[in-house]
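>>> I would like to see how this sequence folds:
(2 chains)
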Amino acid sequence: MLPGMKILVIEDDRAAVEYLVKAFREAGHAADPATDGLAGYGMATDGSYDVLVVDRMLPKMDGLSLIRSLREQGSETPVLILSALGQVDDRVKGLRAGGDDYLPKPYAFSELLARVEALGRRKTTAAKGEETTLTVGDLTLDRLARRVTRGGQEIVLQPREFRLLEFLMQHAGQVVTRTMLLEGVWDYHFDPQTNVIDVHVSRLRAKIDRGADRPLLQTVRGAGYMIRDGSR
Amino acid sequence: MTALAKLWRTTAFRVTLVNLFVISLFAFLAFGNVAWNARRAVDNEIASTIDAEIAGLAEQYNQGGLPRLIDVVQRRASQPGASLYLITNFAGQKLAGNITALAAGALQRPGVVETFYQAADDADRPRGRALVRVIVLPNGFRVVVGRDVVDRDRLISATRNAFAWSLFIVAIVGGGAGLLITRRVLRRVDSMNHAAHRIMEGNVGERLPVVGSGDEFDRLAINLNSMLDRIGDLMTGLQHVSDNIAHDLKTPLTRLRNRAEEALRTAATPDDYRRAIESCIEESDNLIRIFNALLTIARLESGQGQAAATDFDAADVIRDVVELYEPIAEEAGVELLVEAPPSLPLRASRELVGQALANLIDNAIKYGKPEPASDAEAAATADTPRISVSAAPGGKGGVEFVVADHGSGIPEADRERVVLRFERLEAARTKSGFGLGLSLAAAVAKLHHGELRLEDNRPGLKVRFIVPDAPGG
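Coordinates of the predicted model:
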């Protein structure tokens, strides 16, 4: 398991904030609550947090102003915006204000957790984004040659399958949700009502895990998928 | 409010009054101008007559001196006619003529002056008015020649009367017409107000009266009526949605509750509990998805999201979405065929158009398979069922997407209904889905001022999804 992160949850609904803090702690992270914009801003400026979870509507200082002020101060802490406003332009506004990800309410905690973890490990992911070769166990993806091998055996993938695997491998060891895949691989933010993503993933799995004694691509129930080398 | 006060408050009546005032003012000025000019013309004429007479008298005076002058004046004065004569000595005493006295000071004024006079032959007659010229002779005697102006005054008063009458008639007719127009306006407005009151009292089917004259009130009423129709549609939609939400959310909620209850009752091992809880989470995720879809539709229908328009290639989008759905189409045993030009620029919300297309294709995969009536028929149509998806330039800019399947289609009578939220054909209720796909596509089309048309594909359903270019950019 990856080391825990330090998360600040700024949300004015006390029940929600307590639930989130508890759930983050259970997931192995350290989490602090803040119930209004000013308090949250004060806590966030000390810079010790790995990820901020910020509600858009907050008393005393709204979420977007908080993020803008933090960014003006030069803070680069990743921010995930929670909002009851889920439209495309709301998302654009949130990201423009300096947010890094946007999750409309109501959401599943598994989705929030996966996204927060992805944000917290963004530096690692970004570093992987520059590597030309990604490796998980005996699976290797060569970005320049666009070649995938497992245990030395070449696996032939369609372009989209290649991108899907690339995205999963960039987030190796992290849970990647279906919506994260749709965003990262297809650049759409909607909810595909059926199991379209699952089918793509299972096709990919059939190609990379076929005949292998240790499957790398795992389904995380109720959350999404994770690629990792289970032997370690 | 009394009828009069109500009348006074109407714009039409006030406009009429102001018009009447302006017309009267102009009539008054016109009358003044005419009267003044007429009077000047008549005065000039009289003055020249007087001057001519004076010229005649001067000749007599030059020939025969004062006695002759008096003689001539006496003779002329005794003749019937309008000319007035008077000769006075240096003390102002009358020597001859047909007038006895002039208004005080008139004898001293030079030029043609207007003054009062008293006729000599009849002391009882009221004083008259005359234009006179006074000539002073060398010995201080004065000769007065003048003409009565009663004719002139009569002309002016006749003119004044004519104007006054015209004005009176204008006022009556104008005021009357104004009153009629105002009453008509009031009647229309009142009937509209009554209708509005009835609507506000809850009689939402009521509409404002349209008399068919095509006037501004009709136009207003037509517009307000279509506004009411739209509000009515929204209300019906809302009603419908809340009914359906109640129904369609109850089902998964009940299922969720049942599972939890069953786990509590029968689960023995931690594994049993885990499975039960996982299925509960899955069920609540479904609920969240339904909610998210509902919220998206609601926001689209309230007209938000217009700002998100960008320029993108619709052909790429349709190929991407088809590619996204290809695996599940294949699993379902359906073939997806794409037909699109290499590039098809469109300015709209890429996200929403993509989502709408995804829903349409998803629907086609779910419901678009032909359902053979018998095995023999199944054998006859052994080909893989096809769904054709195409994009082509729309009529007036924009793009027309078509998703056509060969399933059982949607009966014409149901086509309007299935676009509504949660509405599904009976046959579809057994399949997965929430009945929100078409609603969302329709809402996306509407937001872009486009259209979602359901047609018969003989057999099957053909959905035309038309997205015009968004303005700007």
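
>>> Next, the closest residue to chain A within the stretch 351-473 of chain B: secondary structure please.
Among the residues of the stretch 351-473 of chain B, residue B:355 lies nearest to chain A; the distance is 4.0 Å by CB to the nearest CB. Glycine gets a C-beta too; all of them are placed from N, C-alpha and C. Put simply, residue B:355 is helix when judged by DSSP: H, G, I helix; E, B strand; the rest coil.

>>> okay but it is in contact with residue A:190, surely?
Yes. Between residue B:355 and residue A:190 a contact is recorded at 4.0 Å, counting by CB atoms under 8 Å.

>>> Spatially, what comes nearest to the residue nearest to the spatial centre of chain A if we skip its sequence neighbours?
Geometric centre of chain A, nearest residue: residue A:115, 2.7 Å, by CA atoms, centre = their mean. Closest residue in space to residue A:115, ignoring its immediate chain neighbours: residue A:101 at 5.3 Å, by CB to CB, 6 or more residues apart in numbering or on different chains.

>>> and that neighbour, how many residues sit next to it?
22 (other CB atoms under 10 Å in any protein chain shown).

>>> so the residue in the stretch 101-250 of chain B that chain A sits nearest to is in which element?
Here the stretch 101-250 of chain B gets closest to chain A at one residue, residue B:249, 12.8 Å apart by CB to the nearest CB. Here residue B:249 sits within helix B:216-266, counting by DSSP states H and E.

>>> Let's test this: mean pLDDT of that helix, rounded?
In this model, helix B:216-266 has an average pLDDT of 83.

>>> Please apply the same query to stretch B:272-280.
Per-residue scores along stretch B:272-280 average to 85.

>>> So is that stretch next to chain A?
Yes. Using CB under 8 Å from any CB of the partner chain, stretch B:272-280 reaches chain A at residue B:278.

>>> for stretch B:455-465, same thing?
No. Taking CB under 8 Å from any CB as the criterion, stretch B:455-465 and chain A are apart, separated by no less than 15.3 Å.

>>> Buried ones in that stretch, by neighbour count?
Across stretch B:455-465, burial judged by 16 or more other CB atoms under 10 Å in any protein chain shown covers B:455, B:457, B:460-465.

>>> Residue B:84: what secondary structure?
Applying three-state DSSP: residue B:84 is strand.

>>> Leaving out sequence neighbours, find the closest residue to it.
residue B:146 (4.1 Å).

>>> Touching, the one you found and residue B:53? I think so.
No. If you go by CB under 8 Å, residue B:146 and residue B:53 don't touch, sitting 9.3 Å apart.

>>> between the two, what contacts are shared?
residue B:83 (CB atoms under 8 Å, 6 or more residues apart in numbering or on different chains).

>>> Any stretches of the chain with poor pLDDT?
Just so you know, I chose chain A. A:1-2, A:85-89, A:124-129, A:193, A:230-232 (pLDDT under 70).

>>> The chain in question should be chain B.
B:1, B:82, B:104, B:121-125, B:241, B:244, B:303-308, B:370-384, B:419-435, B:472-473.

>>> Quick check: residues of the stretch 251-400 of chain B near chain A?
B:278, B:281-282, B:284-285, B:288-289, B:291-293, B:295-296, B:299, B:304-305, B:307-308, B:320, B:323-325, B:327-328, B:331, B:349, B:351-352, B:354-355, B:358-359, B:362, B:366.

>>> Got a quick PyMOL command for the buried subset of those residues?
To isolate the buried subset of these in PyMOL, counting by 16+ other CB under 10 Å, use the following:
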select buried, chain B and resi 281+284+285+289+292+293+295+296+299+304+305+308+320+323+324+325+327+328+349+351+352+354+355+358+359+362+366
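
>>> Among the residues of the stretch 251-400 of chain B next to chain A, which ones are in helices?
B:278, B:281-282, B:284-285, B:288-289, B:291-293, B:295-296, B:299, B:320, B:323-325, B:327-328, B:331, B:351-352, B:354-355, B:358-359, B:362, B:366 (DSSP state H).

>>> if I look at residue A:158, how far off is chain B?
According to CB to the nearest CB, to the nearest Å, residue A:158 stands 9 Å off from chain B.

>>> can you count the residues close to that residue?
14.

>>> Please apply the same query to residue B:76.
Neighbours of residue B:76 using other CB under 10 Å come to 18.

>>> Could you do residue B:18 as well?
Residue B:18 - counted by other CB under 10 Å - has 11 other residues nearby.

>>> Report the distance from the helix or strand containing it to the chain centre.
Using DSSP H and E, residue B:18 maps to helix B:11-78. Here helix B:11-78 is found 56 Å from its chain centre; the criterion is CA atoms, centre = their mean, to the nearest Å.

>>> Strands along chain A, start to end?
A:6-10, A:30-34, A:51-55, A:79-83, A:101-104, A:133-136, A:139-142, A:147-150, A:153-155, A:176-177, A:217-220, A:224-227 (DSSP state E).

>>> got it, and the stretch 101-250 of chain B?
Using DSSP state E, counting those that start in this stretch, the strands of the stretch 101-250 of chain B run over residues B:112-119, B:128-136, B:142-148.

>>> Can you check which of these gets nearest to residue A:96?
Residue A:96 lies closest, by CB to CB, to one member of those: strand B:112-119, at 90.0 Å.

>>> what does stretch B:156-176 contact?
So stretch B:156-176 is contacted by B:16, B:19-20, B:23-24, B:27-28, B:30-31, B:34-35, B:38-39 (CB under 8 Å, 6+ apart).

>>> can you list the residues you listed in TSV and add distance to chain A?
Converted to TSV, the contacts of stretch B:156-176 look like this (distance: CB to the nearest CB, whole Å):
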residue	distance to chain A
B:16	52
B:19	52
B:20	57
B:23	58
B:24	61
B:27	64
B:28	65
B:30	66
B:31	69
B:34	72
B:35	74
B:38	78
B:39	79
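
>>> got a winner among the residues you listed for most neighbours?
residue B:16 leads the contacts of stretch B:156-176 on contacts (other CB under 10 Å) with 20 neighbours.

>>> Return the set of buried residues in stretch B:439-448.
For stretch B:439-448, burial by neighbour count (16+ other CB under 10 Å) applies to B:439-445, B:447-448.

>>> Stretch B:52-65 too?
B:53-54, B:57, B:61.

>>> for stretch A:185-204, same thing?
Of the residues in stretch A:185-204, A:185-186, A:188-194, A:196-204 count as buried by neighbour count, 16+ other CB under 10 Å.

>>> Give me the subset of the residues you listed that also touch chain B.
Answer for those near chain B (CB under 8 Å from any CB): A:186, A:188-194, A:196, A:199-200, A:203.

>>> Taking these together, which two end up most distant?
A:189 and A:203 (22.8 Å).

>>> How far off centre is stretch A:35-44?
23 Å.

>>> what residues does it touch?
A:8, A:10-12, A:14, A:17, A:32, A:34, A:49, A:52, A:54, A:58-63, A:65-66, A:69-70, A:75, A:77.

>>> Just the ones of those in helices?
Those of these lying in helices (DSSP H): A:14, A:17, A:63, A:65-66, A:69-70.

>>> Just the buried ones from those?
For the ones in helices among the contacts of stretch A:35-44, buried by 16+ other CB under 10 Å: A:17, A:63, A:66, A:69-70.

>>> Farthest pair within the residues you listed?
Maximum distance among these (CB to CB): 20.6 Å, for A:17 and A:69.

>>> can I see the domain layout of chain B?
Listed by automatic domain parsing, the domain ranges of chain B are B:3-154, B:207-302, B:307-467.

>>> actually chain A, not the one I typed
A:6-120, A:127-227.

>>> Could you single out the most deeply buried of these?
Each of the domains of chain A was scored by mean neighbour count; the highest is domain A:6-120, a mean of 19, by mean count of other CB atoms under 10 Å in any protein chain shown.

>>> From one end of that domain to the other, what's the distance?
Across its full length, domain A:6-120 reaches 9 Å end to end, with CA to CA, to the nearest Å as the criterion.

>>> again, but for stretch A:177-184
By CA to CA, one end of stretch A:177-184 lies 10 Å from the other end.
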